[in-house]
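# My questions are about this predicted structure, shown below with the sequence.
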Amino acid sequence: MKKRLLIRDVTLRDGQQSLFATRMNRNQVERTLPYFRDAGFYAMEVWGGAVPDSVMRYLHENPWERLEMIHQAMGSSTLLTALSRGRNLFGYNPYPDDVIEGFNRNAIRSGISIMRIFDALNDTTNIQSTIKFVKENGGIADCTVVYTVDPHYSTREKIRALLHARLLPNHIFSKEYFLKVAKECEALGADIITIKDMAGLITPGKAGRLVRMLKQNISVPIDFHTHCTPGYGLASTLMAIVNGVDIVDTSIMSFAGGTAAPAFELVQMFCDRMDIETGVNLEAIVALEKELREIRHELAEFDSTRTFPRDFNILTDKLPNDIEQLFELAIAYAKSDKEDDLLEVCHRLESWFGFPEADDKIREAEIPGGMYSNMLAQLKQLKLEKLLPRAMELIPMVRLVSGCPPLVTPTSQIVGVQAVNCAIDESKGDPMYTTKSIQFVNLVKGVYGKTPVPIDPEFRYKIAGVREDTPYDTRYYRRQENPVFEEYGGVKLAKDEKEELLLELFPSVANDFLKKRVEDSYLAEIYKVEEEKQKKFEEEKRLYDSLSPEEKEKRLIDGLYNYQWSSFEEQSAMGHS
């Protein structure tokens, strides 16, 4: 019996978010769905992440309607999945249980089968309530172990630590640490455990060892999710497969590689050579890739790389002998744990298929690509690009004093912004942390949860004014207002629970989106009434014009349709027939 590997396709969420800033509109999504339905993936990630915000902010679409449209088109052919941040859902501060329950209940009723739940700090208490509500509503709880690496200290910081007889902690994020998080998730009721490597930092060797350890100690299926930015993605995914992972996340070729996930087609070609069954209909994949390639052309203004992969038909195109040999070599190197050789071969494969080269800056800095680009944008706005190297150098120390949070949204942005602030403070001759964001204060204070490493109470007092860990108290949470617009007929801004949830989760964006919907709906109703009036007027006029002069006069004398008939007479006198 063939070994089975399940594929979770992430094209319509993570793929387009990574490469095209989540700009696929409803029409473009709809065009792909018949092919996705025929493809028969185990699961498809289609919602959550940046999707709800972006479709309201940029595309003026209702995210719930998009999800329901996808679910209706897909039927029961594939499980639909979404991504959320546990108690934080899509924001920073934790939400009360009624908001978390409402979101998950409505997401599942609207078509989500698997909710992938992560916490940026790997604090499993932050995902406990979401697991409970997902399972109570009939969903599958997919809990993540957020992968990250230890701070990469500069030579300057190492020397400074030695001079002050301080030890810089390392070996924080060992495979034993990740196993501990996975076991906590399993104990809370996780149905799937995902290794979530959002920055693409896991090397092939570490991927293989971590998968082996989880498979030996965890009873639920293990999923592997990574990105290709620093150049490890394809090789690490192959290592995960060789070491027995149950599910891998991939994107269709035109939405893969670079900052996105590895290409399904390359993973399928590896599986073919290892006699592993994925159950995916490759004829549908060929048609789907053709459609997605066209859509990528349409998204050119948002394309972060503008590097199209080779136009390759997985069913009919033959590989040159040397490329065929590279696939075999990669498998052999993966099975024998030869990491350097595996990476070299996989890079040659990716180059032949036309995927972007590895980002050396990201690999060396060991930070997510989005974090780097946001730091650069922050400094460019201030015309202080020269401070970027120092800000990059400060990241490990900012991370360390704030409890070594994993670098994943939103903690990666919090740490990145603070490193920039520290570099600016230093350049002005001010003490570092003179300038600090409210999010950094809350991270240090304990508002977002427990950090992997305890924070020094004196540093917490310096930054947040308290020495003790101070979690967010949801008793002080205030729900967003849902105003009534008397000028638009007395309607509420949010007309139902789903729209109320949009207001809770995306207050500013949803307020603008829903207000425009109310205005458009009101105007549409006015136009409809006016159109009906005009239609009735035109029908009456046609009847009037069909009458003889005697009948017209008689009707006017009789007072029938007095107003209308008089209007018709006035129009005729003015030369309007």
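Arrived safely, thanks for sending.
# so which strand or helix has residue 272?
helix 264-273 (DSSP states H and E).
# How far does whichever strand or helix holds residue 530 sit from its chain's centre?
Using DSSP H and E, residue 530 sits within helix 507-546. Put simply, helix 507-546 sits 37 Å off its chain's centre (C-alpha atoms, centre = their mean, to the nearest Å).
# before we move on, back to that, list the strands paired with the helix or strand just after the helix holding residue 272, with their directions.
Sequence-wise, the next helix or strand downstream of helix 264-273 (DSSP H and E) is strand 276-277. Here strand 276-277 is paired, per DSSP bridges, with strand 3-4 (parallel).
# ok so, going back, got the CA coordinates for the helix holding residue 272 in PDB?
Output in PDB follows, covering the C-alpha atoms of helix 264-273 (Å, rounded to 0.1, in the frame of the first residue of the first chain):
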ATOM      1  CA  PHE A 264       2.800  22.000  -5.200                       C
ATOM      2  CA  GLU A 265       4.100  20.800  -8.600                       C
ATOM      3  CA  LEU A 266       7.600  20.300  -7.300                       C
ATOM      4  CA  VAL A 267       6.400  18.500  -4.100                       C
ATOM      5  CA  GLN A 268       4.200  16.300  -6.300                       C
ATOM      6  CA  MET A 269       7.200  15.400  -8.500                       C
ATOM      7  CA  PHE A 270       9.200  14.400  -5.400                       C
ATOM      8  CA  CYS A 271       6.200  12.300  -4.200                       C
ATOM      9  CA  ASP A 272       6.000  10.600  -7.600                       C
ATOM     10  CA  ARG A 273       9.600   9.500  -7.300                       C
END
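# Number of residues surrounding residue 64?
Residue 64 is flanked by 22 other residues according to other C-beta atoms under 10 Å. C-betas here are computed from N, CA, C, even on glycine.
# Show me the shaky parts of this protein.
Per-residue confidence for the chain (pLDDT under 70) gives these ranges: 153-169, 555-577.
# What are the boundaries of the strands in it?
Secondary structure of the chain (DSSP state E): strands located at 3-4, 6-9, 43-48, 79-84, 114-117, 140-146, 192-197, 222-226, 247-250, 276-277, 484-485, 491-492.
# Which elements pack onto the second one?
Contact here means 3 or more C-beta pairs under 8 Å, 6 or more residues apart in numbering; DSSP states H and E; on that basis strand 6-9 packs against strand 43-48, strand 247-250, helix 264-273.
# Figure out how far that strand is from the centre of its chain.
Its chain's average C-alpha position is 17 Å from that of strand 6-9, according to C-alpha atoms, centre = their mean.
# Quick one: residues contacting the nearest residue to residue 147 once chain neighbours are set aside.
By the measure of C-beta to C-beta, 6 or more residues apart in numbering, the closest residue to residue 147 outside its immediate chain neighbours is residue 197, 4.1 Å from it. Neighbouring residues of residue 197 by C-beta atoms under 8 Å, 6 or more residues apart in numbering: 147, 207, 224, 225, 226, 227, 236.
# which of these sit farthest apart?
207 and 227 (12.6 Å; C-beta to C-beta).
# circling back: from the contacts of residue 197, pick the one nearest residue 400.
Lowest distance from residue 400 to the contacts of residue 197 (C-beta to C-beta) belongs to residue 147, with 18.6 Å.
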